[in-house]
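[1] predicted model and sequence below, questions to follow.
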Amino acid sequence: MLDTLKQRWLRFAAAPPGQRFQAHFQRRQQTRPRALHRKILAIGGGVLIMGAGIFFMLAPGPGLLIFLVGALLVAEESLAAARLMDWADLRLQRRVAWILARWRGRSRRANKDGGDRS
């Protein structure tokens, strides 16, 4: 089971950003298409898990991770959700890169100025 999860993760990570979730959706649909009632249950379960993730973002706990698991479950069954996740993935990567660039710039300036200003 762990080998299968690892292989799925490696295939997912190998896809270019902005196409990962759609590629995963296509693979999922080709290998194991589901009946309509199972899709509805999977999407409903994913939405409930996302709701729990939002709750745990407000309370102490791994809220973001729980939210992402729910979102992945929904994106696995819906092409529209997969496209939305790809769009969000690109925006999130840009935002993280911008934050890291600013963070590194501040730490370089702090080191050049003689360290901490507290």
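    Right, received. Where do you want to start?
[2] got the residue ranges for the helices in the chain?
    Secondary structure of the chain (DSSP state H): helices located at 2-14, 20-31, 36-58, 63-77, 79-112.
[3] show me how far the second one is from its chain's centre.
    If I follow you right, that is helix 20-31. Relative to its chain's centre, helix 20-31 lies at 15 Å (Cα atoms, centre = their mean, to the nearest Å).
[4] before we move on, the earlier item: deepest-packed of the helices of the chain, please.
    Scoring the helices of the chain by mean neighbour count under mean count of other Cβ atoms under 10 Å gives helix 63-77 as the most buried, with a mean of 19. Where C-beta positions appear, they are placed from N, C-alpha and C, glycine not excepted.
[5] name the helices or strands packed onto that helix?
    helix 20-31, helix 36-58, helix 79-112 (3 or more Cβ pairs under 8 Å, 6 or more residues apart in numbering; DSSP states H and E).
[6] list the contacts of the shortest one.
    Helix 20-31 is touched from outside by 11-13, 15, 72, 75-79, 81-83, 85-86, 89, with contacts defined as Cβ atoms under 8 Å, 6 or more residues apart in numbering.
[7] output the worst-scoring helix or strand of the chain on mean pLDDT as PDB - backbone C-alpha positions only.
    The weakest-scoring helix or strand in the chain, judged by mean pLDDT, DSSP states H and E, is helix 2-14 (a mean of 81). Only the C-alpha atoms of helix 2-14 are listed here, as PDB (Å, rounded to 0.1, in the frame of the first residue of the first chain):
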ATOM      1  CA  LEU A   2       2.800   2.500   0.900                       C
ATOM      2  CA  ASP A   3       4.500   1.700  -2.500                       C
ATOM      3  CA  THR A   4       1.300   2.500  -4.300                       C
ATOM      4  CA  LEU A   5       0.800   5.800  -2.400                       C
ATOM      5  CA  LYS A   6       4.500   6.600  -3.100                       C
ATOM      6  CA  GLN A   7       4.100   5.900  -6.800                       C
ATOM      7  CA  ARG A   8       0.900   8.000  -7.000                       C
ATOM      8  CA  TRP A   9       2.600  10.800  -5.200                       C
ATOM      9  CA  LEU A  10       5.600  10.700  -7.500                       C
ATOM     10  CA  ARG A  11       3.400  10.700 -10.600                       C
ATOM     11  CA  PHE A  12       1.400  13.600  -9.100                       C
ATOM     12  CA  ALA A  13       4.600  15.600  -8.300                       C
ATOM     13  CA  ALA A  14       6.100  14.900 -11.700                       C
END
